[in-house]
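A.B. asks: predicted model and sequence follow; I will ask about them next.
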Amino acid sequence: MLIFGDPGNGKSYLANQLRQRYGYDLISLDDTYVAFVKERYPDLYLPAISQVIAQHFQTMLQHYNGAHKAWQEHVASLVEARSGLDPLVAVEGFLLLPVLDAVQAALAGKAIVTIVEARAKQYFVGSSVEEIHGR
């Protein structure tokens with residue numbers, strides 16, 4: 001299950017409920033992003049990065065040479081590996097949307113993927129962003 005949306009709309013809440021009620025393995029992209037930046041791009045790391053993840057990604061990492069592609073590959077590889085170990089995986093975070101295509105490509109033919117957009121404290125479910133947005 002891939003859960004994305006703007007900050008404060010219930011992504012983490014839904015993912016934690018899936019973990020507690022159904023035993024989903026949870027991948028928090030906020031935690032993953034902080035560790036990724038600290039390890040791979042230490043010159044972009046800030047002590048308070050966890051408080052400004054969306055802004056940091058949009059203003060710094062996205063514009064750093066090759067970093068966006070490296071982030072896509074890192075997340076896709078992580079999700080693919082964890083999906084191979086556990087049939088129930090929930091990935092949540094604002095930073096999922098910029099890498100969603102890469103994650104879906106990595107899981108193609110290997111897992112059933114459900115996409116959830118958290119918007120205005122509601123959940124919209126589909127097999128693609130286009131389906132969720134009615135396109």
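C.D. replies: Nice, I can see it.
A.B. asks: quick one: pLDDT of residue 62?
C.D. replies: Note for residue 62: predicted pLDDT of 89.
A.B. asks: wait, what's in contact with the closest residue to residue 12 other than its chain neighbours?
C.D. replies: Among residues not flanking residue 12 along the chain, residue 92 sits closest, at 6.0 Å (Cβ to Cβ, 6 or more residues apart in numbering). All C-beta atoms are positioned from the backbone trio N, CA, C, and that covers glycine. By Cβ atoms under 8 Å, 6 or more residues apart in numbering, the contact set of residue 92 is 3-4, 11-12, 14-15, 26-29.
A.B. asks: how about the helices in this structure?
C.D. replies: Taking DSSP state H as the criterion, the chain carries its helices at 11-22, 29-40, 53-59, 67-85, 100-107, 129-132.
A.B. asks: turn those helices into a markdown table, columns for mean neighbour count.
C.D. replies: Shown next, in a markdown table, are the helices of the chain (neighbours: other Cβ atoms under 10 Å):
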| stretch | mean neighbour count |
| --- | --- |
| helix 11-22 | 16 |
| helix 29-40 | 17 |
| helix 53-59 | 16 |
| helix 67-85 | 17 |
| helix 100-107 | 18 |
| helix 129-132 | 14 |
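A.B. asks: weakest of the ones you listed in terms of mean pLDDT?
C.D. replies: It's helix 129-132: among these, that one has the lowest mean pLDDT, namely a mean of 90.
A.B. asks: any chance you could list what contacts that one?
C.D. replies: Counting by Cβ under 8 Å, 6+ apart, residues outside helix 129-132 touching it are 97, 100, 115, 117, 124-126.
A.B. asks: residue 87: which of those is nearest?
C.D. replies: Proximity of the contacts of helix 129-132 to residue 87 (Cβ to Cβ) peaks at residue 115, which lies at 17.3 Å.
A.B. asks: tell me how many other residues crowd the nearest residue to the closest one once chain neighbours are set aside.
C.D. replies: In this structure, residue 115 finds its nearest non-sequential neighbour in residue 2, 5.0 Å apart by Cβ to Cβ, 6+ apart. Neighbour count of residue 2, defined by other Cβ atoms under 10 Å: 23.
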